[in-house]
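**Q** quick check, what structure comes out for this input:
(one chain, ligands or ions: 2)
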Amino acid sequence: MTPERDDTTFRFGELGEGRISGALSILLGACSVVAVLCFHFPEYLTTPELRALYSVEVLRALLFAAMLLAALLGALSIFLSRSRRMGITGIGLALLAQWMGGAHVEVDAFDDPLVGFGLDWLVLSLLGTSFIFVFIERVWPHDPSQLTLRREWKLDLVYFAFNHLMVSVVLLVTTAFSEGLFGWAVNDSLQAWIRAQPVWLQFVEVLFVADLTQYWAHRWMHEDPRLWKFHAVHHCPAQMDWLSGSRMHFAEVLFVRSAVITPIYLLGFAENAVNAYVVWVSFQAVWIHSNTRTNIGALEYVLATPHFHHWHHAADPEAIDKNYAAHLPLLDRLFGTSLDLGARDRWPTVYGVVGKPLPEGFLAQHWYPFVATKRQEAE
Ligand SMILES: [Zn+2]
Ligand SMILES: [Zn+2]
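**A** Numbers count the residues shown, from 1 in each chain. Ligands and ions are numbered 1, 2, ... in the order given. Modelled structure (predicted):
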């Protein structure tokens, strides 16, 4: 299928038309406005776990740089482009951020409410992930004809934003699940023995334990027809890229993260090993969905790659219910769900769910599992 082009889509090479500078100007301008809001209302809009990691002064400098760059790129876009709309929007957003107080908003001491929105997490993650992965997808593309702003990118951006904004709800639910339901099973001497191992070994163990849990939770969602309706949301994108992997029903996010975190909590791995795992999973989860073919040689047998996970999303008959692992393909070989391709350079011909397509739109897709089950019971 050839994606439709409209005036918001562009290819990476169209620098001469002012589209990339315009899009970057809007992205940086919008992130600047959001960042100033975070400085005004840190108790409701920022994440306590993240605040502990970064320096406010570095963030002020970054915010100033983003506003300046938004204005400069906006000016470049106005100079290059015939429509000027994108450049003017980017400069307008940078000016709005400056008018709201810019990089100089004072932050007073505050107490954390029970639940807030992870707006800081959203901005930092969106900037970091989009810059890294748009670059990777343009330099080493799997399908060079696929647009960066492909069909349904806005829907996936809504998923990306929602799942990041809700980070404190996710942490609250996963902690309540693991500590509340399984706290009785903590064994101090087992945890001390595990923490006495080298951190690199603990990291490998976390990866294995997390993926083993993820494998069975994931497989259960494929094999149980009721759970499949929730997981079908993740499988419905017809094009794969770094953003499409964000499409996940919020109930699935809570279910899978609660399941994965529980054995890690019970085994009591060292904080460094768990943090390294969190960084690793943040990269690999985006990478395996992205529109890229990176040749990592024999490592492909050890690590889940875009090639491996694209086949999990394939609608080709031979690929249904195969390649469940998120990190280690070894698990699929162990449990008999590995897809034997024969040729390593073969890629899926079509992605998405087989049969009746899901409704379009964030709310409709969140409502879909409940409606679809009712409809099925009535039949
Ligand atoms: Zn799946
Ligand atoms: Zn996926």
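**Q** pLDDT wise, what is the nearest residue to Asn323 once chain neighbours are set aside at?
**A** Excluding the flanking residues, the one nearest Asn323 by Cβ to Cβ, 6 or more residues apart in numbering is His312, at 4.2 Å. Where C-beta positions appear, they are placed from N, C-alpha and C, glycine not excepted. On pLDDT, His312 comes in at 96.
**Q** phi, psi of the one residue sitting closest to the centre of the chain?
**A** Most central in the chain under Cα atoms, centre = their mean is Ser246, positioned 4.5 Å from the mean C-alpha point. Dihedral angles of Ser246 (phi, psi; degrees, to the nearest 10) stand at phi -70, psi -20.
**Q** which ones are touching the nearest residue to Ser258 once chain neighbours are set aside?
**A** Leaving out its chain neighbours, the residue that sits closest to Ser258 by Cβ to Cβ, 6+ apart is Phe177, at 3.9 Å. If you count contacts by Cβ atoms under 8 Å, 6 or more residues apart in numbering, Phe177 has them with Ser258, Ile261, Thr262.
**Q** what does the host helix or strand of the first one rub up against?
**A** Using DSSP states H and E, Ser258 falls within helix 250-267. Counting by Cβ under 8 Å, 6+ apart, the neighbours of helix 250-267 from elsewhere in the structure are 162-163, 166, 170, 173-175, 177-179, 181-182, 185-187, 190-191, 194, 205-206, 209-210, 212-214, 217-218, 221, 230-231, 233-234, 274, 277, 366, 369.
**Q** give me the distance between the residue nearest to Ala161 when sequence neighbours are not counted and Leu50.
**A** Ranked by Cβ to Cβ, 6+ apart and with sequence neighbours excluded, the top spatial neighbour of Ala161 is Leu122, at 5.8 Å. With distances taken as Cβ to Cβ, to the nearest Å, Leu122 is found 10 Å from Leu50.
**Q** out of those two, name the residue with the larger neighbour count.
**A** Leu122 (23 against 14; other Cβ atoms under 10 Å).
**Q** residues contacting that one?
**A** Leu122 sits in contact with Val34, Phe160, Ala161, His164, Leu165, where contact means Cβ under 8 Å, 6+ apart.
**Q** to what extent is the third one buried, counted in neighbours?
**A** To tie it back to what came earlier, the one meant is Ala161. 18.
**Q** just read off the phi/psi values of Pro348.
**A** Per degrees, to the nearest 10, the backbone of Pro348 is at phi -60, psi 150.
**Q** got it, and Ala314?
**A** phi -70, psi 150.
**Q** list the buried residues in stretch 311-318.
**A** Across stretch 311-318, burial judged by 16 or more other Cβ atoms under 10 Å covers Trp311, His312, His313, Ala314, Ala315, Asp316.
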